[in-house]
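[1] sequence plus predicted model, see below.
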Amino acid sequence: MTTRKPVLLGLATLGAVAAAAWSEPVQLKLLPSGAARKIGSYSPQRLILTSERPAGITKAPEDLSAPLYGVLALGPREKAASVFLVLDEPAGKPARLLVDANANGDLTDDPAVTWTAQPYKGRDGADLLRHMGAITVKSPHPGAQSPLQFQAYRFDKADAGRIALKDSILFYPDYAYEGEATVGGKKYPVMLQDVAGTADFRGREVEAGKSRGVVLLIDLNGNGRFEPRGEQYDVGKPFNIGGVTYEVTGLNAAGGSFEIVESKQTVAEILPPPDLSPGKKAIVFEAKTTSGKALSFPSSYKGKVVLLDFWATWCGPCIAELPHLTAAYEKYHERGLEVLGISLDQENAAEKLAAFTKDRNMPWPQVYDGKFWKAAVAQLYGVESIPQAYLVDGDTGEILAAGAALRGGKLAGTIERVLDKKFKK
């Protein structure tokens, strides 16, 4: 998991052809499941549960012991279908989740949902259970052949650190449309993501300026990913590519078919972040650590391998990574491993940061400017989620590893392989 929120890539190659106002109609294919992994991120939505049984449920299993009810409104907002959910959590017995997958109000004629329990530690050290499962429902759109899949999860209702979620299930859509679109005379891989999980691809009716909950993703820099910055556009707002402002038109509730046309409005272009995949060069910067020492990255780390770690004391996933990071530092520091922390803590948090790093055995230097997500080095690296880390050769500036290779149990193995290669063990 990550907590979400520059040397800039030029798109000058779009140049003159981008000035064309016309664009081909876009025809995409539905990906009924697996979209979140392909996109690389998701935004959990909250479904609040209640003990009051909805009137629309006509039939339910007779053996329910402690039912809580929820409803997903799916499809065209003018006449959305109601998909009922029942969470049954009897004391001392396994929990189960029932879903009215065919939206007929009968909870006894639907496929069983696998509701898997996974142990985890609460922030107070308590032994807790998190449940997870896939919800597959009939598409609410007439004539649709493929069902739609959601991923759902629930934290333990006894989790003292998540009291606000004790009456909730978190879910996110795992379906999306995918294909190609031509913009400014150039063809790009695209996806259309229903972030809000309403199955209405026109998006929600919202006040001006707010998100519609449906996002068009365009791989502008051709790196095979959809960057959160500069490659994801709200379908209800104009966006700029190559100096031309476009907008999406012709979307219907079922999605999959629309046009990208030149807009009468003008908005600023937001460029994608730099390509910082392994094999590329790390971005050079100058900074001062919290101890007042000036450094140049990566040249201050000649003869070393340095882990550039973007994190914050308020970031739960970052804290979860710390045992792996501190253990790796202790094991490999003498062999040439250094760590440089880039803190995304908010303003006036210097004392908190110092105490935290001391208590958690983090002796490596930290760069902190109190600018939160706008931290200077984070902006330079296009950081949109944390934890985020890069393993860099201090001599060449080459990025040696990034992403999942530097997370959890994989971290130590990645560092060992890099050090063995660099120092030719």
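    Cool, got the structure. Numbers count the residues shown, from 1 in each chain.
[2] what's the average pLDDT for the biggest helix by length in the chain?
    Longest helix of the chain, by residue count under DSSP state H: helix 316-332. For helix 316-332, mean pLDDT is 95.
[3] state the next helix or strand along the chain beyond that helix.
    Reading on from helix 316-332 to the C-terminus, the next helix or strand found by DSSP states H and E is strand 337-343.
[4] direction included, what does that following strand pair up with?
    Using DSSP bridges, the strands paired with strand 337-343 are strand 305-311 (parallel), strand 366-368 (parallel).
[5] buried stuff in the longest one?
    It stands for strand 305-311. 305, 306, 307, 308, 309, 310, 311 (16 or more other CB atoms under 10 Å). Heads up, the C-betas are built off the backbone N, CA and C, glycines and all.
[6] then stretch 353-372?
    Across stretch 353-372, burial judged by 16+ other CB under 10 Å covers 353, 356, 357, 362, 364, 365, 366, 367, 368, 369, 371, 372.
[7] what strands line up against the strand ranked longest in the chain, and which way round?
    Looking across the chain with DSSP state E, the single longest strand is strand 127-137. Take DSSP bridges as the rule and strand 127-137 pairs in its sheet with strand 116-121 (antiparallel), strand 148-154 (antiparallel).
[8] next one, pLDDT for the residue in the chain sticking out farthest from the centre please.
    In terms of distance from the mean C-alpha position of the chain, residue 62 ranks first, at 39.2 Å (CA atoms, centre = their mean). Each residue has a pLDDT score; the one for residue 62 is 94.
[9] okay, and the beta partners of residue 259?
    As assigned using DSSP bridges, the partners bridged with residue 259 are residue 249.
[10] isn't it up against residue 250?
    Yes - counting by CB atoms under 8 Å, residue 259 touches residue 250, with 4.8 Å between them.
[11] tell me, what's touching the two both at once?
    residue 25 (CB atoms under 8 Å, 6 or more residues apart in numbering).
[12] between those two, which one's more packed in?
    Neighbours per residue, other CB atoms under 10 Å: of residue 259 and residue 250, the larger number sits with residue 259, 16 against 11.
[13] residues contacting that one?
    Neighbour list for residue 259: 23, 24, 25, 26, 248, 249, 250 [criterion: CB under 8 Å, 6+ apart].
[14] kindly state the domain boundaries assigned to this protein.
    By the assignment in automatic domain parsing, the chain contains the domains 6-33+176-262, 45-173, 285-422.
[15] mind putting the buried residues of stretch 353-372 into JSON lines with distance to residue 141?
    Formatted as JSON lines, the buried residues of stretch 353-372 follow (distance: CB to CB, whole Å):
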{"residue": "353", "distance to residue 141": "50"}
{"residue": "356", "distance to residue 141": "50"}
{"residue": "357", "distance to residue 141": "52"}
{"residue": "362", "distance to residue 141": "51"}
{"residue": "364", "distance to residue 141": "53"}
{"residue": "365", "distance to residue 141": "55"}
{"residue": "366", "distance to residue 141": "51"}
{"residue": "367", "distance to residue 141": "50"}
{"residue": "368", "distance to residue 141": "50"}
{"residue": "369", "distance to residue 141": "49"}
{"residue": "371", "distance to residue 141": "44"}
{"residue": "372", "distance to residue 141": "41"}
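[16] tell me where the chain has helices.
    35-39, 316-332, 350-359, 376-380, 410-422.
[17] how far does the third one sit from the chain's center?
    When you say that, I think you mean helix 350-359. Here helix 350-359 is found 28 Å from its chain centre; the criterion is CA atoms, centre = their mean, to the nearest Å.
[18] packing partners of it?
    Counting contacts by 3 or more CB pairs under 8 Å, 6 or more residues apart in numbering; DSSP states H and E, helix 350-359 is packed against strand 366-368.
[19] can you list contacts of the strand it packs on?
    With CB under 8 Å, 6+ apart as the test, strand 366-368 has contacts from 287-290, 340-343, 345, 349-350, 353, 357, 375, 377.
[20] over to stretch 138-151?
    For stretch 138-151, contacts defined as CB under 8 Å, 6+ apart pick out 30, 32-33, 36, 42, 72, 74-76, 80-81, 101-103, 132-137, 171-175, 197, 199, 253-254.
[21] go on, stretch 276-288?
    Residues outside stretch 276-288 that contact it (CB under 8 Å, 6+ apart) are 7, 223, 274, 294-299, 308, 367, 376-377, 380-382, 390, 392, 397-402.
[22] if any of these are buried, put those into a PyMOL selection.
    In PyMOL syntax, the buried subset of the contacts of stretch 276-288 is picked out as below (16+ other CB under 10 Å):
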select buried, resi 223+274+295+297+298+308+367+377+380+381+382+390+392+397+399+400+401+402
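[23] now, which of the contacts of stretch 276-288 lie within strands?
    Counting by DSSP E, these place 294, 295, 296, 297, 308, 367, 390, 392, 399, 400, 401, 402 in strands.
[24] nearest to residue 190 among the residues you listed?
    Of all the ones in strands among the contacts of stretch 276-288, residue 190 sits closest to residue 402, with 24.5 Å by CB to CB.
[25] enumerate every residue touching that closest one.
    Contacts for residue 402 were tallied using CB under 8 Å, 6+ apart; they are 276, 277, 278, 389, 390, 391.
[26] find the nearest non-adjacent residue to the third one, please.
    Leaving aside its sequence neighbours, residue 278 sits nearest to residue 399 (CB to CB, 6 or more residues apart in numbering; 5.3 Å).
[27] report the separation between that neighbour and residue 258.
    37 Å (CB to CB, to the nearest Å).
[28] any chance of a PyMOL selection covering the buried ones in the contacts of residue 402?
    For the buried members of the contacts of residue 402, the matching PyMOL selection, counting by 16+ other CB under 10 Å, is:
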select buried, resi 276+389+390+391
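[29] quick check: residue 231 touching residue 215?
    No - counting by CB under 8 Å, residue 231 stays clear of residue 215, with 9.9 Å between them.
[30] so what sits against both of those two?
    Common neighbours of residue 231 and residue 215 (CB under 8 Å, 6+ apart) do not exist.
[31] ok, now which ones touch the closest residue to residue 148 other than its chain neighbours?
    Spatial nearest neighbour of residue 148, excluding adjacent residues (CB to CB, 6+ apart): residue 175 at 4.7 Å. Going by CB under 8 Å, 6+ apart, residue 175 touches 30, 31, 32, 33, 35, 148, 149, 150, 194.
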